[in-house]
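Visitor: no FASTA, just this:
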Ligand SMILES: O=P(O)(O)OC[C@H]1O[C@](O)(CO)[C@@H](O)[C@@H]1O
């Protein structure tokens with residue numbers, strides 16, 4: 001696999017190399033937000049959730065992108081939330097989860113083993129349950145049997161492309177129990193932000209003005225360390241690493257400042273950061289990608305600035321992206337919209353079809369043997 005930036009401006013190639021249509025699917029993010037908003041209204045979850053009052057804790061049960069939606073829910077509701085949020089991404093609920101808690105089982109397919117196990121366990125324990133997933137899926141059957149509310153997920157492409165379809169119901173559910181604010185106007189603002197990014201990152205827009213293609217060109221041939229400067233942008237960092245792994249078969253480290261400074265800053269003095277004077281240009285592979293939030297703790301902002309300087313002092317290349325907007329959902333949209341394009345363009349620049357993840361398919365096949 002060879003990186004070739006010229007591929008990104010070859011319109012014929014971008015269609016041919018993307019048979020699963022990941023680029024058009026990315027462009028449908030805004031539509032996903034609007035459709036999900038209508039699905040929530042149609043499911044009538046607001047009244048039911050509000051009538052039962054606030055739970056003791058909100059537990060989001062899911063894996064992969066669904067779990068990431070749970071992390072985003074927690075970050076959007078913020079550290080001031082009177083109710084704790086926990087994302088469970090395996091087969092068992094923690095022992096303390098019980099009748100006073102709301103378990104939200106999320107699965108794009110509605111047919112993922114871990115999530116179904118968690119949803120069934122929540123029912124057995126008498127927890128309040130909300131399910132979000134594909135219509136007529138096994139997850140919907142669990143909800144139906146338990147008499148629990150269900151929000152259908154409608155989106156094209158693989159699960160990772162359905163982030164907005166899964167996240168919007170979670171945000172609306174949290175709003176129904178007054179843990180965040182979210183109304184139609186906010187969803188429309190988020191949709192417009194995603195539309196704007198899709199326009200700027202559209203395949204026909206040339207690399208030199210296309211932020212998605214520029215990001216891919218910066219990431220190419222580097223090992224990215226992606227650091228968020230708030231809990232919200234740290235989830236965006238995780239999102240980029242997850243998408244790179246799935247779209248582009250590409251590794252990336254991620255974390256949140258300040259914690260990540262303790263764990264990963266050491267790499268700035270490591271073998272991937274050092275310049276090999278005997279090698280060609282490509283020898284230095286580390287890149288620091290910093291995802292800034294508008295809402296940063298002052299001590300975090302100071303560490304962010306200093307870490308950027310430490311990287312620059314060592315000649316390690318840096319990419320800095322900043323979230324925009326007021327509401328955290330809007331801010332995350334401005335970052336994730338762009339990062340998703342960067343990841344898909346990176347795959348295409350390497351000649352990789354961004355839709356299938358063959359090794360995960362193989363894992364699932366072996367598990368079913
Ligand atoms: O949202 P679902 O359908 O439960 O899938 C969970 C995860 O499993 C995968 O489909 C495969 O690992 C991921 O892409 C996805 O995030």
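Guide: Good, I have the coordinates. Computed from a prediction, not measured in an experiment: that's the story for all the values here.

Visitor: what distance do you get for the closest residue to residue 45 other than its chain neighbours to the ligand?
Guide: Distances taken as CB to CB, 6 or more residues apart in numbering place residue 149 nearest to residue 45, at 4.7 Å, with adjacent residues excluded. All C-beta spots, glycine's among them, are computed from the backbone N, C-alpha and C. Note on residue 149: its distance to the ligand, by CB to the nearest ligand atom, to the nearest Å, is 18 Å.

Visitor: what sits against the closest residue to residue 125 other than its chain neighbours?
Guide: In space, and not counting its chain neighbours, residue 125 is closest to residue 98: 5.6 Å by CB to CB, 6+ apart. Contacts for residue 98 (CB atoms under 8 Å, 6 or more residues apart in numbering) come out as 125-127.

Visitor: so how far is residue 303 from the residue nearest to residue 45?
Guide: Going from residue 149 to residue 303 by CB to CB, to the nearest Å gives 42 Å.

Visitor: same question, residue 369
Guide: Taken as CB to CB, the span from residue 369 to residue 303 is 48 Å.

Visitor: and those two? Which one has more around it.
Guide: Between residue 369 and residue 303, residue 303 has the larger neighbour count (other CB atoms under 10 Å), namely 19 against 4.

Visitor: residues touching the more buried one, list them.
Guide: By CB under 8 Å, 6+ apart, residue 303 lies in contact with 257-258, 261.

Visitor: now, which of those residues sits nearest residue 331?
Guide: residue 257 (16.2 Å; CB to CB).

Visitor: residue in the chain nearest to the ligand?
Guide: residue 64 (2.2 Å; CB to the nearest ligand atom).

Visitor: thinking that residue is in contact with residue 160, fair?
Guide: Yes: using CB atoms under 8 Å, residue 64 makes contact with residue 160 at a distance of 7.0 Å.

Visitor: which of these two has more residues huddled nearby?
Guide: Neighbours were counted for residue 64 and for residue 160 using other CB under 10 Å; residue 160 has more, 24 against 19.

Visitor: and the more buried one, what pLDDT?
Guide: Model confidence at residue 160, given as pLDDT, is 97.

Visitor: does it touch residue 246 like I think?
Guide: Yes: Residue 160 lies in contact with residue 246 (CB under 8 Å); the separation is 5.6 Å.

Visitor: for residue 49, what are its contacts?
Guide: Taking CB under 8 Å, 6+ apart as the test, what residue 49 contacts is 102, 130, 149, 173, 176-177.

Visitor: how does it look with 10 Å?
Guide: Residues in contact with residue 49 (CB atoms under 10 Å, 6 or more residues apart in numbering) are 55, 102, 128, 130, 149, 172-177.

Visitor: same check on residue 187?
Guide: Going by CB under 10 Å, 6+ apart, residue 187 touches 30, 33-34, 36-38, 40, 164, 168, 171-172, 329-330.

Visitor: equivalent analysis for residue 229, please.
Guide: Residue 229 touches 237, 256-258, 260, 290-297, 300-301, 303-305, 307, 320, 322-323, counting by CB under 10 Å, 6+ apart.

Visitor: kindly write the PyMOL command that selects the buried subset of the residues you listed.
Guide: Command for PyMOL that selects the buried part of the contacts of residue 229, burial taken from 16 or more other CB atoms under 10 Å:
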select buried, resi 237+256+257+258+260+290+291+292+293+294+296+300+303+304+307+323
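
Visitor: and the ligand, which of the contacts of residue 229 contact it?
Guide: Subset of the contacts of residue 229 in contact with the ligand: empty, counting by CB under 6 Å from any ligand atom.

Visitor: pLDDT weak spots in the chain?
Guide: 276-284 (pLDDT under 70).

Visitor: take the contacts of residue 229 and keep only those in helices.
Guide: Cross-referencing the contacts of residue 229 against helices under DSSP state H gives 237, 260, 300-301, 303-305, 307.

Visitor: could you work out the most separated pair of these?
Guide: Farthest-apart pair in the ones in helices among the contacts of residue 229 is 237 and 305; separation 17.4 Å (CB to CB).

Visitor: need the overlap of contacts for residue 160 and residue 246.
Guide: Overlap of the contact sets of residue 160 and residue 246 (by CB under 10 Å, 6+ apart) consists of 64-65, 343, 354-355, 357.

Visitor: returning to that earlier point: list the residues that contact the residue of the chain closest to the ligand.
Guide: Residue 64 neighbours (CB under 10 Å, 6+ apart): 89, 107-108, 112, 114-115, 158-160, 242, 246, 360.

Visitor: show me what counts as buried in stretch 88-105.
Guide: 88-89, 93, 97, 101-105.

Visitor: alright, calling it a day.
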